[in-house]
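> sequence plus predicted model, see below.
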Amino acid sequence: MFIGRKAELEQLNEVFESASGSAVVLYGRYGIGKTALSLYFAREHKHFYYCARELSEREQAMELIEELGGTLSGEDIAFEVFKAVKAFIEKSEEDKLIFIFDEFQYMIKYGDAFNIALTSLLGDEGLSGRIMLLFLSSSVNWVENSMVADLGAFARKLSGIIKLKELSFVETVDLFPGMSTESVIYTWAIFGGVPGMLTCWDPKKDLHENVCSLFLSPTAPLFAEAPRLLKAELRELPAYNAILTTMAQGNYKLNDIYERTAFSRAKISVYIKNLIELDVVEKVFSMETGDHENVKKGMYSIKDGFLRFWYRYVFRNLSLIEQNKGEQVYFEKILTTFDDFMRERFAEICLEYMKLMSELGKLSAKYETWGKWHGKTGDIDIVANDGEGHMLAGFCDFSDNSVDVMNLGEYRKLLKLAGVEKCEMFIFAKSGFSLGLKSEAEKDNIRLINMDEL
């Protein structure tokens, strides 16, 4: 079942409908759905798909030409590739064909032959109007930092570069029809919106069964997945492991990371910059509310849901897992702190919900700026401003206890510290609300939203 990607499909169709030859780069982290999107887009058109491998230029050409139905018969690799693609096009009766080259960085990194061949294809008057070239890559670092230089003159032929983001929570819900809201929340919290990861989750199993079978044994499919993903993009993995493990334990400030790792602050800054470029880490900014005294500044957080979970619970417990003590890890290490892990992820889901409600006109104002307030004594999970003085605040609770009047008192203290006492207020809860809070909320026009409403 194909879910989401409406904007990307529209962009690809616009390029396909253009009269001239065209080339588009579609990139994003491994498992994000590039291949699925490209094949879904091409399903109603004549297309050719080739997955490049780490090979020498000549070996790559041999593999590609054989899959095109030809044979490498000369020493001029660029000409041989051009000739094979041209023959494939001429055999087709279709007006326009789509050529999909997956992991195309392996075609480009080891020589200029493919650049020359592709440039010739788009420059041939008889062929260019009949082809669309779709290049896929899982190497975010290469696409964003080296691709244009490696492509040379061919880079000017590109019609577009599309970076695939994670699926939203709403799209993830569509991926699991019939599954409870709580289970989908757990799934999205652990994997984010990465389709290749999400499909690992078994809807027939509960949280305990899924986590143990996917992570907590030496033979589990995702036990060693995080370092495999990062090795493809980063050198000096031990240093990145240290930084990500520190962040996963809730140490978000540069000084905290410095004290934990003993790396120089300059070195940490460079590593964090590289992680930000890969969408693994993000710099956390507190929403501007007029308060400057009580706010936390200069924080970083692991943005990638899977890596946040893996470094918090798998990497730190490798010794136990290697001894086949996954059950112990689950009950003693994960369950005891899982509400804390889930609270941040639940807040992200609630923020997505509020943005959607604003777009649909379901709130008292059309809010334009969204964020979070990070205070020295606590956080306001959702803060929004409509640019005309109207503000919104939201608090998210993922504990097994119902939210009560005492919680509301703490929320109001935080609002006062942040300077947003006059606001439209929402409280989200996994386990519901006490009768006292419901009564208080009704008097003060506070919106209470149960988890299932998401």
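In hand now; what should we look at?
> where along this structure do the strands fall?
Secondary structure of the chain (DSSP state E): strands at 22-27, 47-51, 97-102, 131-137, 160-163, 281-284, 299-302, 369-374, 379-385, 391-397, 424-429, 447-450.
> in JSON lines, list the ones you listed along with mean neighbour count, distance to Phe191 and mean pLDDT.
To be clear about C-beta, it is placed using only N, CA and C from the backbone, and glycine gets the same treatment. Conversion of the strands of the chain to JSON lines gives the following (neighbours: other CB atoms under 10 Å; distance: least, CB to CB, whole Å; pLDDT from 0 to 100):
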{"stretch": "strand 22-27", "mean neighbour count": "23", "distance to Phe191": "20", "mean pLDDT": "94"}
{"stretch": "strand 47-51", "mean neighbour count": "17", "distance to Phe191": "24", "mean pLDDT": "96"}
{"stretch": "strand 97-102", "mean neighbour count": "22", "distance to Phe191": "22", "mean pLDDT": "96"}
{"stretch": "strand 131-137", "mean neighbour count": "24", "distance to Phe191": "21", "mean pLDDT": "95"}
{"stretch": "strand 160-163", "mean neighbour count": "16", "distance to Phe191": "19", "mean pLDDT": "94"}
{"stretch": "strand 281-284", "mean neighbour count": "17", "distance to Phe191": "17", "mean pLDDT": "92"}
{"stretch": "strand 299-302", "mean neighbour count": "19", "distance to Phe191": "13", "mean pLDDT": "92"}
{"stretch": "strand 369-374", "mean neighbour count": "18", "distance to Phe191": "22", "mean pLDDT": "93"}
{"stretch": "strand 379-385", "mean neighbour count": "24", "distance to Phe191": "21", "mean pLDDT": "94"}
{"stretch": "strand 391-397", "mean neighbour count": "24", "distance to Phe191": "19", "mean pLDDT": "95"}
{"stretch": "strand 424-429", "mean neighbour count": "22", "distance to Phe191": "21", "mean pLDDT": "95"}
{"stretch": "strand 447-450", "mean neighbour count": "16", "distance to Phe191": "24", "mean pLDDT": "95"}
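> pipe the ones you listed into TSV and attach distance to Asp404 per row.
Below are these laid out as TSV (distance: least, CB to CB, whole Å):
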stretch	distance to Asp404
strand 22-27	48
strand 47-51	55
strand 97-102	53
strand 131-137	51
strand 160-163	44
strand 281-284	29
strand 299-302	29
strand 369-374	22
strand 379-385	18
strand 391-397	10
strand 424-429	10
strand 447-450	12
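> next, the distance between the ends of stretch 149-160.
16 Å (CA to CA, to the nearest Å).
> how about low-confidence regions in the stretch 201-350 of the chain?
Across the stretch 201-350 of the chain, residues meeting the criterion (pLDDT under 70) sit at 291.
> quick one: the helices in it?
Assigned helices in the stretch 201-350 of the chain, in chain order: 207-214, 225-231, 237-248, 254-261, 265-277, 305-309, 318-322, 326-328, 338-359 (criterion: DSSP state H, counting those that start in this stretch).
> can you name every helix or strand that the fifth one contacts?
Helix 265-277 is packed against helix 140-145, helix 237-248, helix 254-261, strand 281-284, with contacts defined by 3 or more CB pairs under 8 Å, 6 or more residues apart in numbering; DSSP states H and E.
> okay, these in TSV with distance to Glu327 next?
Listed next are those as TSV, based on distance: least, CB to CB, whole Å:
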stretch	distance to Glu327
helix 140-145	36
helix 237-248	22
helix 254-261	29
strand 281-284	31
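> for the ones you listed, which one sits closest to Gly326?
Closest approach to Gly326 among the helices and strands packed on helix 265-277 is made by helix 237-248 (18.5 Å; CB to CB).
> on contacts alone, who are the packing partners of the closest one?
By 3+ CB pairs under 8 Å, 6+ apart, helix 237-248 packs against helix 225-231, helix 254-261, helix 265-277, strand 299-302, helix 305-309.
> which other residues reach it?
227, 230-231, 234, 256-257, 260-261, 263, 267-268, 271-272, 275, 280-281, 300-302, 307-308, 311-312, 315-316 (CB atoms under 8 Å, 6 or more residues apart in numbering).
> check stretch 59-69 too.
By CB under 8 Å, 6+ apart, the list of residues contacting stretch 59-69 reads 48, 50, 52-53, 55, 71-72, 77, 80-81, 84-85, 87-88, 91, 106-107, 110, 113-114.
> make it 6 Å
With contact meaning CB atoms under 6 Å, 6 or more residues apart in numbering, stretch 59-69 is reached by 50, 72, 77, 81, 84, 88, 107.
> before we move on, the earlier item: dump the helices of the stretch 201-350 of the chain into CSV; add mean neighbour count as well.
Shown next, in CSV, are the helices of the stretch 201-350 of the chain (neighbours: other CB atoms under 10 Å):
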stretch, mean neighbour count
helix 207-214, 18
helix 225-231, 16
helix 237-248, 19
helix 254-261, 16
helix 265-277, 16
helix 305-309, 23
helix 318-322, 14
helix 326-328, 17
helix 338-359, 19
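> now those as a markdown table including distance to Lys165?
Formatted as a markdown table, the helices of the stretch 201-350 of the chain follow (distance: least, CB to CB, whole Å):
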| stretch | distance to Lys165 |
| --- | --- |
| helix 207-214 | 23 |
| helix 225-231 | 16 |
| helix 237-248 | 21 |
| helix 254-261 | 26 |
| helix 265-277 | 15 |
| helix 305-309 | 13 |
| helix 318-322 | 30 |
| helix 326-328 | 32 |
| helix 338-359 | 13 |
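> closest to Gly21 out of these?
Taking the helices of the stretch 201-350 of the chain one by one with CB to CB, helix 265-277 is closest: 31.1 Å.
> what's the angle between that closest one and helix 254-261?
110 degrees (axes from the mean of the first three to the mean of the last three CA atoms, to 10 degrees).
> and the angle for helix 265-277 with helix 237-248?
Between helix 265-277 and helix 237-248, the angle formed by their directions is 80 degrees, by the same axes, to 10 degrees.
> mind checking how far helix 265-277 is from the chain centre?
19 Å (CA atoms, centre = their mean, to the nearest Å).
> and the contacts of that helix?
By CB under 6 Å, 6+ apart, helix 265-277 touches 239, 243, 257-258, 281, 300.
> again, but for stretch 181-188
When contacts are defined by CB under 6 Å, 6+ apart, stretch 181-188 is touched by residues 169, 172-173, 176, 201, 207, 451-452, 454.
> and these, which is closest to Thr219?
The closest of those, once distances to Thr219 are taken by CB to CB, is Trp201, at 18.0 Å.
> how many residues are close by the closest one?
Neighbour count of Trp201, defined by other CB atoms under 10 Å: 23.
> state the phi and psi torsions of it.
Backbone dihedrals for Trp201, given as degrees, to the nearest 10, come out at phi -70, psi 130.
> tell me who's in contact with it.
Each residue near Trp201 by CB under 6 Å, 6+ apart is listed here: 187, 210.
> and Ser264, how far from Ile116?
45 Å (CB to CB, to the nearest Å).
> more neighbours: which of these two?
Remark: of Ser264 and Ile116, Ile116 carries more neighbours, 19 against 10, as counted by other CB under 10 Å.
> identify the spatial nearest neighbour of that one, chain neighbours not counted.
Among residues not flanking Ile116 along the chain, Ala78 sits closest, at 3.8 Å (CB to CB, 6 or more residues apart in numbering).
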